[in-house]
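Asker: compute the structure for the input listed below.
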Amino acid sequence: MNTFIENQNWRYATKKFDSNKKVSATDLEILKEAIRLSASSYGLQLYKVLIIENTELKTKLLPASFGQTQVVDASHLIIFANQTNVGDAEIDAYLENTSATREIPLEALAGYGSFMKSTINPMADDLKNIWTSKQTYIAMANLLHAAAELKIDTTPMEGFNAAQYNEILGLGVLNLNASVVVPIGYRHEEDETQHFKKVRKAEKDLFIQL
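Answerer: Numbering: from 1, shown residues only. Now for the predicted structure:
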């Protein structure tokens, strides 16, 4: 923890990646595990995470990313896609996973399952999709923190056309929607942004302690 704040000061939204530097398979596995262990509402993890290394595919996504070259130049492009049309199937799958993982009878989880279904199923579809989209940001935060610990650069991006991403990647037929994307890799020495002082609110302007 003594290096966590130091690494948060080190990280920034990288504007130019060195396309010749690649994230190692070992470090990528650590980042994947950090995402996998992220908190989520009810523990449901109602999203999928696409990891794109293929340059041709990243290039196809460039116009849908408003020409932001980080998408192509980064070692990998991480796409968090929230699930749409969430219902009983996703909740039942979670309960079965819980039963197997904790070695408890599925019947013992029936009450919790009913509670989740009574809370989630009545939600309007658009509200459910907003909710599942918010979950991806929690997972993204874990990625950003873990990457900083490994001195891997990141650029969290909302600046892309989700509908075009969905079409290019065939996400719609999978009941998925591109929510937020994060190119990861290593900053280019010519990226002047890395030398800028981090601008954040002062503590007195940010926190209200009661």
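Asker: relative to residue 134, how far out is residue 43?
Answerer: The gap separating residue 43 from residue 134 is 15 Å, by C-beta to C-beta, to the nearest Å. Placement of C-beta: from N, CA and C, glycine included.
Asker: for the two, indicate the residue with more neighbours.
Answerer: residue 134 (13 against 10; other C-beta atoms under 10 Å).
Asker: now the more buried one: how far from residue 123?
Answerer: Taking C-beta to C-beta, one finds residue 134 at 13 Å from residue 123.
Asker: and the longest strand seen in the chain, how far out from the chain middle?
Answerer: For the chain, the strand that runs over the most residues, judged by DSSP state E, is strand 176-185. Distance of strand 176-185 from the chain centroid (C-alpha atoms, centre = their mean, to the nearest Å) equals 6 Å.
Asker: other SSEs contacting it?
Answerer: strand 47-52, helix 70-73, strand 76-83, helix 125-149, strand 153-154, helix 162-169 (3 or more C-beta pairs under 8 Å, 6 or more residues apart in numbering; DSSP states H and E).
Asker: contact partners of stretch 102-109?
Answerer: Identification of contacts with stretch 102-109 by C-beta atoms under 8 Å, 6 or more residues apart in numbering yields 95-96, 98-99.
Asker: would you mind measuring the gap between the ends of it?
Answerer: The first and last residues of stretch 102-109 sit 11 Å apart, counting by C-alpha to C-alpha, to the nearest Å.
Asker: ditto for stretch 115-126
Answerer: First-to-last residue span, stretch 115-126, C-alpha to C-alpha: 21 Å.
Asker: now do the buried residues in that stretch.
Answerer: Residues of stretch 115-126 classed as buried by neighbour count (16 or more other C-beta atoms under 10 Å): 116, 120.
Asker: quick revisit: mean neighbour count, the helices and strands packed on strand 176-185: which tops it?
Answerer: Comparing the helices and strands packed on strand 176-185 by mean neighbour count (mean count of other C-beta atoms under 10 Å), strand 153-154 ranks first with a mean of 28.
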